[in-house]
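> Need coordinates for the following:
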Amino acid sequence: MSKNIQIIAIILSICCNCSHDPEINIKASIAKYNLANEIYIKITEEHFFQDKVVSSINSNLVKALIKQLDSQKIYFTKNEIMYFINIFESSSSNIEVAASYELINLYFNRLIEATNYQMKVIKKKDFDFSKEEEILIDDDMNEFKNNEIQLKEAWRKLAKNDVLTSMLADKDLLEAIETIEKRYRNRLRRISQRNEEDVFSIVMNSFAGLFDPHSSYFSPKSAEDFEMTMSLKLEGIGALLTTEDDYPVIVSVVPGGPAEKTGKIIPDDKIVKVMQVQLPEVEAVDVVGWRIDEVVQLIRGKAGTQVELEIIPAKTEDFSERKFVTITREEVKLEEQAAKSRIVEIQRDYQTLKIGVIDLPTFYIDFKAWQKKDPSYRSSSRDVQEILKDFSLKEVDAVVVDLRGNSGGSLVEANKLTGLFVASGATLQVKESNGKIRSWGDRNAKQVWKKPMAVMVNRYSASASEIFAGAIQDYQRGLIIGHRTFGKGTVQKLDSLASGQLKITESKFYRITGSGMQNKGIVPDIILPSTWDTEEIGESSLDEALPWDEINPVRFRKFKMDSGLLDQLKIVHLERIEGDPNLQYILNIRERYELQKNKIAISLNILKRKAEKLERQEWALKTENKRRSALSLDVLNNYKALKDYNESKEDVDIDIESDYLLNEGTQILSDFLYLSTNLLLTEAA
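Numbers count the residues shown, from 1 in each chain. I've put the predicted structure just below:
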């Protein structure tokens, strides 16, 4: 095998005229070979999905590595791809470690070569921004290049686009070049700091990802960071970051954390710059091209201090768009994640209906207090129970449990929360890797709320949220309103290794009807409009996601719900969409999204790009003013006024006025109360 790799190395140097002294030449140590074998044995023997064909694992591994390293198809040539595929497909190793290292070394050195070439390009300062050129942004339409000439042409266009994008963010040519040059130097510095653990982590995570997207390898340092994140004891902004195309990207925000409380940071936001507010004399730091651990350290800080992030908004049409968010660092506390409530009054003819809203950001429990048998320990089910008792005293007619953005938490709490609405009974089924199936539930549960209810979910509602929403739907206990949930129906365990840890999927959730939650998620009874295609994220959009399946149902008693009434609710909801300016505003944004989402290329002509940017701003202003006019509100005079208006919005825990979908959820539940001739809670015989 090593002889073949040496031959490949010679051929590769001819293909792309690489330096004879590559800056990166990391070799796998004996310890890493042994660790790779330990991971292989553990994951192939203990993973839930044991039908995976391991004989073709290396063939799939090389494809996964190539996709991760060069999704844009701008670093490897066609010949290089072919040579590496041949090596992996002919490998007799459990995991082809040596060739994986060679491929990653080639990537790092090609990235160095590309970056040095791009620095030469921008230093010439002779860009012709009037020329009709474009860059393909649809990776599926791109092809791997034939030779170095084609690679360099791709690098040149990318450098030109970097400068152009910076200019569109209100910089002149010299300022833009200076910014991009610093960014390229950061990238080179980041590459030079790569070590064997970095390379090994890339290989092992690509390997684990072949079994399912939630199995992964944690290096000793990553395991430490993971434990710190899970304990929520870190003073910072409460956000999980990753790297994508050199940009630090928000993966998720911690419920109740500083980032989430701003109401302005969402998954897929890209961080461009970080500024320490308490040090105004220090310039904002451009972090594009930085190692992710360095970005995290820069953002972290003492509680009470502030950090400002310059961000490219998620799903923006152009990377020149920016938003600036100031965050006060603090330790995430249980109180910040606690359930919150509000009572909304809605008029139906001459009747005033009281709708109670419970916002539950996560399924939490104070484990330490619980372990100490503290009778007053905090948990989501206990807090919600107190809210429900208060609602009863205030004669609330129905309750909306808002689980949008709730990515899960304690499964025990999901069971207990379900019991507050359906009493004792099974909540879900769990199938283990050995095929054993057992049902979960709370035998001691007592129904606290007996009036109508609804659950609001979206694509970010996952795991424990799906267990609760699925049980409410299966028991026909309440309405499910919103968007299809994430579809994560698996459970992972964390095993220690000789070095680091391995997260393995060990079991799978099923609903009490026998239907799997995995991949499909929970489909709402009434689907609300959305501003974007929610199918772009979620379990079904992830590579190697485990498939949906079903098992036998368990016996359970349903509540009575008139199916004809549900049809009436859908009709009234659709009628309200037609006449509600706020819901029409959402549909207008979705229409715009549909027109832009299939865009396959971006222009490198500055006049076209400026015109596109101006058109986007005019569209945004026009769409907002259309909404405001329909509501008899003052219109905004220009785009700056629109930006100021959006940035001036204060974060409110339960904002019925500005949260148009939550408002519609309460309206749907009030429709149910108004149209219903029989109470929902009359139990089935």
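> going forward, measure contacts and count neighbours with C-alpha atoms only.
Will do.
> V422 versus L673, what's the distance?
19 Å (CA to CA, to the nearest Å).
> and if you look at T243?
Distance, T243 to V422, by CA to CA: 43 Å.
> of the two, who's got more company?
Taking neighbours as other CA atoms under 10 Å, T243 and V422 compare with V422 leading, 26 against 18.
> Quickly list the domain ranges of the chain.
2-208, 233-331, 334-484+510-561 (automatic domain parsing).
> hey, least reliable of those by pLDDT?
Lowest mean pLDDT of those: domain 233-331, a mean of 82.
> out of all of them, which helix in this structure is the longest?
Criterion DSSP state H: the longest helix present in the chain is helix 97-124.
> From S59, how far off is the nearest residue to V635 once chain neighbours are set aside?
For V635, ignoring the flanking residues on the chain, the nearest one in space by CA to CA, 6 or more residues apart in numbering is N625 at 5.2 Å. As for N625, its distance to S59 is 55 Å (criterion: CA to CA).
> Please apply the same query to I472.
Taking CA to CA, one finds I472 at 44 Å from S59.
> Strands of the stretch 401-550 of the chain, residue ranges please.
Using DSSP state E, counting those that start in this stretch, the strands of the stretch 401-550 of the chain run over residues 426-432, 437-441, 453-457, 479-482, 490-496, 501-510, 526-527.
> picking that back up, more crowded one of I472 and S59?
Between I472 and S59, counted using other CA under 10 Å, the more crowded position is I472 (24 against 19).
> Make sure that one is actually in contact with L417.
No. Between I472 and L417 there is no contact under CA atoms under 8 Å: 10.4 Å.
> Any chance of JSON lines for the strands of the stretch 401-550 of the chain, columns distance to I589 and mean neighbour count?
What follows is the strands of the stretch 401-550 of the chain, written out as JSON lines (distance: least, CA to CA, whole Å; neighbours: other CA atoms under 10 Å):
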{"stretch": "strand 426-432", "distance to I589": "37", "mean neighbour count": "23"}
{"stretch": "strand 437-441", "distance to I589": "42", "mean neighbour count": "16"}
{"stretch": "strand 453-457", "distance to I589": "20", "mean neighbour count": "26"}
{"stretch": "strand 479-482", "distance to I589": "17", "mean neighbour count": "26"}
{"stretch": "strand 490-496", "distance to I589": "34", "mean neighbour count": "16"}
{"stretch": "strand 501-510", "distance to I589": "35", "mean neighbour count": "23"}
{"stretch": "strand 526-527", "distance to I589": "17", "mean neighbour count": "18"}
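> export these to a markdown table and tack on distance to F127?
Shown next, in a markdown table, are the strands of the stretch 401-550 of the chain (distance: least, CA to CA, whole Å):
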| stretch | distance to F127 |
| --- | --- |
| strand 426-432 | 60 |
| strand 437-441 | 64 |
| strand 453-457 | 49 |
| strand 479-482 | 48 |
| strand 490-496 | 51 |
| strand 501-510 | 48 |
| strand 526-527 | 49 |
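> between the ones you listed, which gets nearest to N94?
Across the strands of the stretch 401-550 of the chain, N94 has its closest neighbour in strand 501-510 (17.2 Å, CA to CA).
> Show me what that closest one is packed up against.
Using 3 or more CA pairs under 8 Å, 6 or more residues apart in numbering; DSSP states H and E, the elements in contact with strand 501-510 are helix 30-46, strand 216-218, strand 426-432, strand 490-496.
> between these, which one is nearest to T305?
Using CA to CA, the nearest of the helices and strands packed on strand 501-510 to T305 is strand 216-218, at 30.4 Å.
> ok now that closest one, how far from the chain's centre?
18 Å (CA atoms, centre = their mean, to the nearest Å).
> do stretch 30-49 as well
28 Å.
> still on that earlier bit, ok, which of the strands of the stretch 401-550 of the chain comes nearest V652?
strand 453-457 (17.9 Å).
> Not counting its own residues, what contacts stretch 103-115?
The contact list for stretch 103-115 (CA atoms under 8 Å, 6 or more residues apart in numbering) reads 18, 22-26, 69, 75-76, 84, 152, 155, 184, 187-188, 191, 199.
> picking up where we left off before, okay, now the residue nearest to V635: neighbour count?
19.
> surely it meets N638?
No. Assessed by CA under 8 Å, N625 is found out of contact with N638, at 10.0 Å.
> ok, which stretches of the stretch 351-500 of the chain are helices?
367-371, 380-393, 411-422, 464-474 (DSSP state H, counting those that start in this stretch).
> Let me know which of those helices is tucked in deepest.
Comparing the helices of the stretch 351-500 of the chain by mean neighbour count (mean count of other CA atoms under 10 Å), helix 464-474 comes out on top with a mean of 26.
> how far is it from where the chain is centred?
21 Å.
> helices or strands next to that helix in the packing?
Packed against helix 464-474 by the contact rule (3+ CA pairs under 8 Å, 6+ apart) you find helix 411-422, strand 426-432, strand 479-482.
> how much space is there between the residue lying farthest from the centre of the chain and R110?
Distance from the C-alpha centroid of the chain, by CA atoms, centre = their mean, peaks at Y350 (44.3 Å). Here the criterion is CA to CA. By it, Y350 lies 72 Å from R110.
> Please apply the same query to A454.
Taking CA to CA, one finds A454 at 54 Å from R110.
> Just the CA coordinates for the helix or strand that contains Y184, please, in PDB.
Using DSSP states H and E, Y184 maps to helix 173-192. Coordinates of the C-alpha atoms in helix 173-192 are reproduced here as PDB (Å, rounded to 0.1, in the frame of the first residue of the first chain):
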ATOM      1  CA  LEU A 173     -10.900  49.000  -3.300                       C
ATOM      2  CA  LEU A 174      -7.800  49.500  -1.100                       C
ATOM      3  CA  GLU A 175      -9.700  48.800   2.200                       C
ATOM      4  CA  ALA A 176     -11.200  45.700   0.600                       C
ATOM      5  CA  ILE A 177      -7.900  44.400  -0.500                       C
ATOM      6  CA  GLU A 178      -6.400  45.000   2.900                       C
ATOM      7  CA  THR A 179      -9.300  43.200   4.600                       C
ATOM      8  CA  ILE A 180      -9.000  40.200   2.300                       C
ATOM      9  CA  GLU A 181      -5.200  40.000   2.500                       C
ATOM     10  CA  LYS A 182      -5.500  39.800   6.300                       C
ATOM     11  CA  ARG A 183      -8.100  37.100   5.900                       C
ATOM     12  CA  TYR A 184      -5.800  35.100   3.600                       C
ATOM     13  CA  ARG A 185      -2.900  35.500   6.000                       C
ATOM     14  CA  ASN A 186      -5.200  34.100   8.800                       C
ATOM     15  CA  ARG A 187      -6.000  31.200   6.600                       C
ATOM     16  CA  LEU A 188      -2.300  30.400   6.000                       C
ATOM     17  CA  ARG A 189      -1.600  30.700   9.800                       C
ATOM     18  CA  ARG A 190      -4.500  28.400  10.500                       C
ATOM     19  CA  ILE A 191      -3.200  25.800   8.100                       C
ATOM     20  CA  SER A 192       0.300  26.000   9.500                       C
END
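> how about that helix: buried residues?
Neighbour counts over helix 173-192 (16 or more other CA atoms under 10 Å) mark 173, 176-177, 179-188, 191 as buried.
> quick one: that helix to helix 97-124, angle?
160 degrees (axes from the mean of the first three to the mean of the last three CA atoms, to 10 degrees).
> Can you add distance to L210 and give the helices of the stretch 351-500 of the chain back as TSV?
Below are the helices of the stretch 351-500 of the chain laid out as TSV (distance: least, CA to CA, whole Å):
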stretch	distance to L210
helix 367-371	34
helix 380-393	35
helix 411-422	26
helix 464-474	25
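> so I355 touches K394, yeah?
No. Applying CA under 8 Å, one finds I355 not in contact with K394, separated by 10.7 Å.
> Of these two, which one has the most company?
I355 (25 against 12).
> Quick one: residues contacting the more buried one.
343-346, 396-400, 666, 669-670.
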